[in-house]
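[1] all I have is the shape, not the residue letters:
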């Protein structure tokens with residue numbers, strides 16, 4: 001039994017709450033808190049950061065990336081009260097708070113709860129934040145608005161010990177739009193819009209996971225479900241994974257490894273038994289494309305209303321900017337902001353006549369609605385400032401490298417993705433990018449230097465494929481040169497590159 005399985009067998013992660021309150025009340029030094037309890041605190045979204053001993057990160061839960069202006073104000077106030085008044089927008093449409101101490105936690109969680117924001121079960125072996133389409137309910141071509149189903153998938157497992165001890169984390173996306181805004185092929189459980197005999201619903205993909213040395217794209221389970229069947233099917237799959245998923249090795253415990261052992265057909269049969277009635281075969285896939293970047297001003301299907309997609313460079317935003325974003329959502333929108341999987345933000349429901357005033361707001365000089373193509377699909381994970389797994393400063397590297405490419409006049413074909421992960425865990429999803437960078441270290445003249453392994457040609461959609469490793473251990477100061485060579489147009493008559501518009505995802 002590995003270490004994490006052992007601590008879960010001894011005490012469920014949900015049972016750490018009284019201990020957490022006691023440690024906080026007594027201001028117990030971190031080095032006097034059992035390591036097992038520090039791990040269990042992740043069941044409440046509280047993560048100790050070894051790079052800054054005694055400080056913590058809190059990962060929130062924002063289903064579908066939706067937040068009200070009041071929720072953003074509460075989150076901004078909590079960030080401003082800490083020692084690190086910047087927040088990270090994640091590639092799971094989520095927010096992470098940093099730089100606070102354990103005695104702050106009970107008050108933070110209470111303030112968040114009053115604003116209807118949870119941090120519960122956002123770490124370790126739990127269902128993580130559920131991804132949804134950031135344009136749900138406002139896109140003109142969606143099959144239907146899946147927002148109620150995103151919320152329905154969250155309710156049943158939070159706080160329920162029947163689902164608080166999975167073999168590993170479990171990632172979920174559900175979208176009713178035709179653009180695959182949830183990147184379903186990267187999820188353990190992805191629901192994509194489909195029809196069966198004219199009835200709208202979802203086809204099911206399973207087993208996507210990009211981390212580790214064996215990344216895998218999700219594959220069809222050959223199942224169609226109507227909206228009313230989504231929650232029962234989801235819980236049936238969770239029970240099968242809980243009871244049969246491998247637990248011996250942490251590196252081989254995701255759902256993809258159960259599928260590796262069983263195959264999709266056996267998994268389908270097991271889920272059908274738990275579901276309690278026959279499952280329908282997959283319907284007609286209604287996806288038409290992989291989602292764009294959601295940036296810029298675009299009309300909603302509601303007459304006279306538009307949304308403004310704003311670029312947040314590598315997902316880092318100050319507490320002051322977040323609070324100002326909340327004000328703009330109140331002033332020009334409907335008091336709502338939506339986060340995207342590309343670490344950007346959307347203000348929906350802006351009256352068309354108010355667009356000029358919104359675009360003239362000072363914050364939009366920082367969070368620009370329009371940026372060069374090279375910036376539009378740039379994604380970077382947390383990096384080694386705050387993640388002890390990361391081998392490089394991913395966000396700093398991304399900003400420097402792309403800034404240098406822009407200075408040189410280098411741009412990309414529309415839709416070209418540049419993703420940077422700090423390590424093999426692939427939180428930056430570099431395996432599905434046109435150009436991916438995975439952090440590495442290299443020893444030069446006896447000193448350890450930051451570097452990156454390069455990947456090329458990843459994409460999602462009908463012809464999905466994982467990126468191919470092309471070059472290892474490129475020093476970070478040489479990455480701009482390496483990426484410029486990859487982005488240069490092929491000479492006339494040369495074979496088309498994986499980065500040309502014909503194949504860019």
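    Nice, I can see it. Keep in mind that this is a model prediction, so the values were computed, not measured.
[2] element containing residue 156, please.
    Using DSSP states H and E, residue 156 sits within no helix or strand.
[3] enumerate every residue touching it.
    Residue 156 is in contact with 163, 231, 235, counting by Cβ atoms under 8 Å, 6 or more residues apart in numbering. The way it works is simple: take the backbone N, C-alpha and C, and place the C-beta from them, glycine included.
[4] so how far is residue 381 from residue 320?
    As defined by Cβ to Cβ, to the nearest Å, residue 320 lies at a distance of 24 Å from residue 381.
[5] ok, those two, which is more surrounded?
    residue 381 (30 against 14; other Cβ atoms under 10 Å).
[6] which residues touch the closest residue in space to residue 345 that isn't next to it in sequence?
    Closest residue to residue 345 apart from its sequence neighbours, by Cβ to Cβ, 6 or more residues apart in numbering: residue 310 at 5.1 Å. Residue 310 makes contact with 295, 325, 344-347, 364, 367-369 under the criterion Cβ under 8 Å, 6+ apart.
[7] how about the residues you listed in TSV, adding neighbour count and pLDDT?
    Compiled in TSV, the contacts of residue 310 are given as follows (neighbours: other Cβ atoms under 10 Å; pLDDT from 0 to 100):
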residue	neighbour count	pLDDT
295	22	97
325	24	98
344	28	98
345	27	98
346	24	98
347	26	98
364	17	98
367	22	98
368	17	98
369	19	98
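[8] thinking again about what came up before, of the contacts of residue 156, which is the nearest to residue 249?
    Proximity of those to residue 249 (Cβ to Cβ) peaks at residue 163, which lies at 21.8 Å.
[9] am I right that the closest one is in contact with residue 155?
    No - under the criterion of Cβ atoms under 8 Å, residue 163 makes no contact with residue 155, lying 11.3 Å away.
[10] neighbour count for these two, which is higher?
    residue 163 (20 against 11).
[11] quick one: residues contacting that one.
    With Cβ under 8 Å, 6+ apart, residue 163 has these contacts: 126-127, 156-157, 235, 238, 242.
[12] next, give me the two most distant ones among those.
    Checking the contacts of residue 163 with Cβ to Cβ, the most distant pair is 126 and 235, at 14.1 Å.
[13] span of stretch 306-324 from start to end?
    20 Å (Cα to Cα, to the nearest Å).
[14] so how far is it off the chain centroid?
    Between the centre of stretch 306-324 and the centre of its host chain there is 16 Å, according to Cα atoms, centre = their mean, to the nearest Å.
[15] that older thread, which of the contacts of residue 163 sits closest to residue 82?
    Nearest to residue 82 among the contacts of residue 163, counting by Cβ to Cβ, is residue 126 at 24.2 Å.
[16] please parse this protein into its domains.
    1-123+294-371, 147-285, 375-487 (automatic domain parsing).
[17] out of these, which comes closest to residue 134?
    Within the domains of the chain, the stretch nearest residue 134 is domain 1-123+294-371; the backing value is 4.4 Å (Cβ to Cβ).
[18] distance from that closest one to the middle of the chain?
    12 Å.
[19] isn't residue 19 right next to residue 38, touching?
    No - using Cβ under 8 Å, residue 19 is not in contact with residue 38, being 10.3 Å away.
[20] what pLDDT does the model give the nearest residue to residue 275 once chain neighbours are set aside?
    Here the nearest residue to residue 275 in space, its sequence neighbours aside, is residue 236; by Cβ to Cβ, 6+ apart that works out to 4.4 Å. Residue 236 is assigned a predicted lDDT (pLDDT) of 98.
[21] same thing with residue 35?
    96.
[22] quick one: neighbours of it, just the number.
    When neighbours are defined as other Cβ under 10 Å, residue 35 has 12 of them.
[23] what of residue 473?
    By the measure other Cβ under 10 Å, the count of residues near residue 473 is 15.
[24] now do the phi/psi pair for the residue nearest to residue 345.
    phi -110, psi 140 (degrees, to the nearest 10).
[25] then residue 241?
    With angles defined as degrees, to the nearest 10, residue 241 sits at phi -60, psi -40.
[26] quick one: it and residue 165 touch, right?
    No - the criterion here is Cβ under 8 Å, and residue 241 misses it with residue 165 at 11.1 Å.
[27] buried ones in the helix or strand where residue 403 lies?
    Residue 403 belongs to helix 394-407 when assigned by DSSP H and E. Within helix 394-407, the residues that count as buried by 16 or more other Cβ atoms under 10 Å are 394-399, 401-402, 404-405.
[28] so what touches the next helix-or-strand element following it?
    Per DSSP H and E, helix 394-407 leads on to strand 418-421 as the next helix or strand towards the C-terminus. Outside strand 418-421, the residues that touch it by Cβ under 8 Å, 6+ apart are 374, 377-381, 394, 397-398, 402, 412, 427-430, 432-439, 452, 483.
[29] who does strand 418-421 pair up with?
    The pairing partners recorded for strand 418-421 under DSSP bridges are strand 378-380 (parallel), strand 435-444 (parallel).
[30] for residue 204, helix, strand, or coil?
    Put simply, residue 204 is strand when judged by DSSP: H, G, I helix; E, B strand; the rest coil.
[31] for residue 138, which of the domains of the chain is the nearest?
    Of the domains of the chain, nearest to residue 138 by Cβ to Cβ is domain 1-123+294-371, at 4.2 Å.
[32] kindly check the end-to-end length of the closest one for me.
    For domain 1-123+294-371, the first-to-last residue distance is 50 Å (Cα to Cα).
[33] then stretch 374-382?
    Termini of stretch 374-382 sit 20 Å apart (Cα to Cα).
[34] from the chain's centre, how far out does it sit?
    Distance, centroid of stretch 374-382 to centroid of chain: 12 Å (Cα atoms, centre = their mean).
[35] outside of that stretch, which residues touch it?
    So stretch 374-382 is contacted by 88, 91, 96, 293, 295, 311, 313-315, 342-343, 387, 390, 394-395, 397-398, 402, 405-406, 410-412, 414-422, 427-429, 433, 487 (Cβ under 8 Å, 6+ apart).
[36] can you select the buried ones from those residues in PyMOL?
    Of the contacts of stretch 374-382, the buried ones go into a single PyMOL selection, burial set by 16+ other Cβ under 10 Å:
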select buried, resi 88+91+96+293+295+311+313+314+315+342+343+387+390+394+395+397+398+402+405+410+412+415+416+417+418+419+420+421+422+427+428+429+433+487
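[37] tell me the two of the contacts of residue 310 that are most distant?
    Maximum pairwise distance among the contacts of residue 310 (Cβ to Cβ): 14.9 Å, between 295 and 325.
[38] ok, residue 162 - how many residues close by?
    Look at residue 162: counted by other Cβ under 10 Å, it has 11 neighbours.
[39] shouldn't it be within a helix?
    No - counting by three-state DSSP, residue 162 is located in no helix; its state is coil.
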